[in-house]
Structure formats: structure tokens, C-alpha cells
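>>> Sequence and predicted structure below; questions after.
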Amino acid sequence: MPELPEVQTVVNGIKSKLIGLKIKDTEVFVKKLRYPVPINLKNKINKSLLLDVERRAKYIILRLSNDYSLIIHLGMSGRIIIGKKKEIISIKHTHFQLYFSNDLVLQFIDPRRFGCILLRKTSKLLEEKLLKHLGVEPLSKSFNQNYLYEIASNKASSIKSIIMNQKYIVGVGNIYASESLYLSRLSPFKIGNKLTISESDRLVRSIKRVLKKSIQMGGSSINDHTMISGKLGHYQNKLQVYGRDGQKCRNKSCQLPIIRIVIAQRSTFYCSNCQK
């Protein structure tokens, strides 16, 4: 599933290509993804301008000039590609296309159909049930050592489960939770209420550092993620533990094999020597 860096990469790409352009036409090729696609979508958004693009957790929000916003979630396998109309080819599992005034086309492709396309009034986005209960953004100033320490202080669950819980912190999926815990030298088994304030500081800094670096490198193209150009991201080549079970720890003074275990039904990768 695309995580925060992959979604932010897509948001950055859309911003760089489409801001200020008019939607000339809309094509929808499916009635339902995770949720039904609005039947009046074409009439509601055609001829409107794309004013802004933002990310909330793993949701992409396209703000339009007519007080409507499109909310897009990539689901497990979704991706967005932008190209010139004359160069666009028919890709299997393309469910949605937006045609813009400079002859660029945005395609939404989702083989497993776990993504979604929703239309909401921009003025009522704060009331949207998919958005209103989400936790703090990990790259914001609100996510700091005090915040993490406070939410973990009364939790008997593992710190990995806590930082992946969307009610507390959004967008830190399995890849980046494992990578951040390794960078901060914290065991994924560590219980939340055992976390010290200094450990909270280390982990917050590590999460921010890992996410920012992945965004800079276009995200991790492990399964379906591509940038809007269709090219792969590169952060998967820098992963320290994720997917490296049985391989040597990258810490030269250690080099024990990376271990894969399951926490809360998710694969977790860690070094038993470096992470305590």
C-alpha cells in the first residue's frame, strides 16, 4: 500500500503540472471502487479550475474553484499518471481520467479497486467522516517528543503499533515504521508506556528524517508505486531493514542478520542487537 511519502510524491507531481488549469472533461469507467463513484461527477467538476492539491494522511485532495473537492485514495495498488493527451495510452484498470486545458490528462489506475474517488463540498471537508478522526501529521510541528510521549504513556501495546495507528499519527505505514524504529535504535516490541522522553525524541526525529528522505527520492517502489511520470521511486534502494530478513545488518559493528517477525498481523523487520 502506498504510504505517506508515496502519496506526497503524487501530490507534489500534480501540483507541479496542473495547478490553475481548467478541467475540460471527465471520464469515469467504473461505477464503484471502495465506495460508489459519484454519478454526477462529470457535471459537478467540468469547467472548474484546480486551485490547490494537498495531502491529509494518505488522502489526496484536489480543491476546485466551485467549492467542490475531489478526495482520492490510492488504496492498496492505486497510482496516478499524468501525460500529454496525444501520448496517453489505454492502461488496464484505468477507472478515471481528467482532461485539462493544456492537453494534459490525469489517469487513476487501481487494479485491486481498494482506492476511492469522492466528491465533497470544500467548505465541509472538516466534517468528512474519512478525515475528521485522523491523527496528527508526522511532518508537522504538532508531532513532537511531548506528543508522542503523552499518547504512548498509557498504552500497553507495542510502540510500532502506536506509531502506525491512524488515530494518533497518520501515514506512517509498515515500511517507514520499521525503518524509523531501526534508525532510532528502538525495538518494535517496546511497550508504549515504557518509552522515555529521550526515546520519544529520538523516534520523532527518526520518523521525520525517514519520511522526508523518502519523499526526496520519489518514495519506495516496492509494489505498485510510481511517480506521476510513470517512473519508479528510489527509496527502496536505501531501506535498512524492511524486506531484508536474513541479510546482514547495515551497522558495520554489528552485521547480525535482520529478523522478520509479525506484530499485529504485519511483518516487522528489525535487528535484535541494534534495537533495544
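Sure thing, it's come through.

>>> My guess is residue 241 contacts residue 177. True?
No. Look at residue 241 against residue 177 with CB atoms under 8 Å: they stay out of range, at 10.5 Å. Just so you know, the C-beta spots here come from the backbone N, C-alpha and C atoms, and that holds for glycine as well.

>>> Over to residue 150. Which of the three states is it?
helix (DSSP: H, G, I helix; E, B strand; the rest coil).

>>> Give me the distance between it and residue 202.
Between residue 150 and residue 202 the computed distance is 16 Å (CB to CB, to the nearest Å).

>>> Likewise for residue 172?
Applying CB to CB to residue 172 and residue 202 gives a distance of 15 Å.

>>> The two: which is more packed in?
residue 172 (26 against 19; other CB atoms under 10 Å).

>>> So what's the residue count around the residue nearest to that one when sequence neighbours are not counted?
Spatial nearest neighbour of residue 172, excluding adjacent residues (CB to CB, 6 or more residues apart in numbering): residue 163 at 5.2 Å. A count of nearby residues for residue 163, using other CB under 10 Å, gives 26.

>>> Likewise for the one 5 residues further on?
By the other CB under 10 Å criterion, the neighbourhood of residue 168 contains 20 residues.

>>> Show the backbone phi and psi for residue 191.
When read as degrees, to the nearest 10, the backbone of residue 191 gives phi -80, psi 140.

>>> which residues of the stretch 1-150 of the chain fall in helices?
Counting by DSSP state H, counting those that start in this stretch, the stretch 1-150 of the chain has these helices, from start to end: 4-18, 41-45, 145-152.

>>> helices or strands up against the lowest-mean-pLDDT helix or strand in the chain?
Least confident element among the helices and strands of the chain, by mean pLDDT, DSSP states H and E: strand 259-263 (a mean of 91). Where contact means 3 or more CB pairs under 8 Å, 6 or more residues apart in numbering; DSSP states H and E, strand 259-263 is packed against strand 266-270.

>>> and the strand it packs on, which residues are buried?
268-270 (16 or more other CB atoms under 10 Å).

>>> If we only consider those, which is nearest to residue 182?
residue 270 (6.3 Å; CB to CB).

>>> Look at that closest one and report its pLDDT.
You'll see residue 270 listed with a pLDDT of 98.

>>> which residues does the closest residue to it other than its chain neighbours contact?
Once flanking residues are discounted, residue 270 sits nearest to residue 188: 5.4 Å by CB to CB, 6+ apart. Going by CB atoms under 8 Å, 6 or more residues apart in numbering, residue 188 touches 158-160, 177-178, 181, 261, 263, 268, 270, 275.
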